[in-house]
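Enquirer: what would the 3D arrangement of this be:
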Amino acid sequence: MPFNIQEFRARLNRDGARPNLFEVTMNFPTVVIPSSGAASQKFTFMCRSAQLPGSSMGSVVVPYFGREVKMAGNRTFADWSVTVINDEDFQIRNAFERWMGGINSHALNRRNSSFQTPISYTSDATVTQYGKAGTKIKSYQFVGMFPIDLAPIDLDWGSNDTIEEFAITFQYQYWLSDTTDVRSSTQVTQGIF
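Expert: Residues are numbered from 1 along each chain as shown. Below you'll find the predicted structure:
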């Protein structure tokens, strides 16, 4: 029955999930980033915003006698962006600049010799959603990602009482969910999806 506030409240499990209860973990490639472990730990605390990923399925349309027959196509994965709080040591910003510089340098237009395979310049990240009691309720793993856009930091003499932030956009191979992607132990040990 519509307009039944008691039934709505009864169906809203645990007062709903809250978008501010999350964390993002990611390891920077160790090849070109000094103290990548420290930057990775700091990233978890300074990552101010992120998204749980969406999902898009393509379709294959085949014309047949004036009709369109639609069949399921392939999945595509949209870019993933996060926003990071910047502090005066610029540790996280510097780590992303070195990571991208290792993939393609500014002046020479070359890749670092340590980044010759996709595995060497990609990393995985995990975004975890928590419940109000502090328990993990959902987690997504982004597999094989690398930064494609490091946003500028705006400077302004009139910006008082604010802290710098910057956005990073990644591409990745695919994402996995801890509650909807079922993997066999063979796939896990062989590194398959």
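
Enquirer: tell me how far the residue most central in space within the chain lies from residue 51.
Expert: In the chain, the C-alpha nearest the mean C-alpha coordinate belongs to residue 80, at 4.8 Å (Cα atoms, centre = their mean). Relative to residue 51, residue 80 is positioned 7 Å away (Cβ to Cβ, to the nearest Å). (Each C-beta comes from the backbone N, C-alpha and C, glycine too.)

Enquirer: right, and the residue nearest to the centre of the chain touches residue 54 too?
Expert: No - Residue 80 lies out of contact with residue 54 (Cβ atoms under 8 Å); the separation is 9.8 Å.

Enquirer: let me know the secondary structure of the nearest residue to residue 112 once chain neighbours are set aside.
Expert: Distance criterion Cβ to Cβ, 6 or more residues apart in numbering; nearest residue to residue 112, sequence neighbours excluded, is residue 102 at 4.0 Å. What DSSP: H, G, I helix; E, B strand; the rest coil gives for residue 102 is helix.

Enquirer: next, the contact list for residue 102, please.
Expert: 29, 31-33, 111-112, 114-115, 121 (Cβ atoms under 8 Å, 6 or more residues apart in numbering).

Enquirer: and of these, the nearest to residue 87?
Expert: residue 33 (17.2 Å; Cβ to Cβ).
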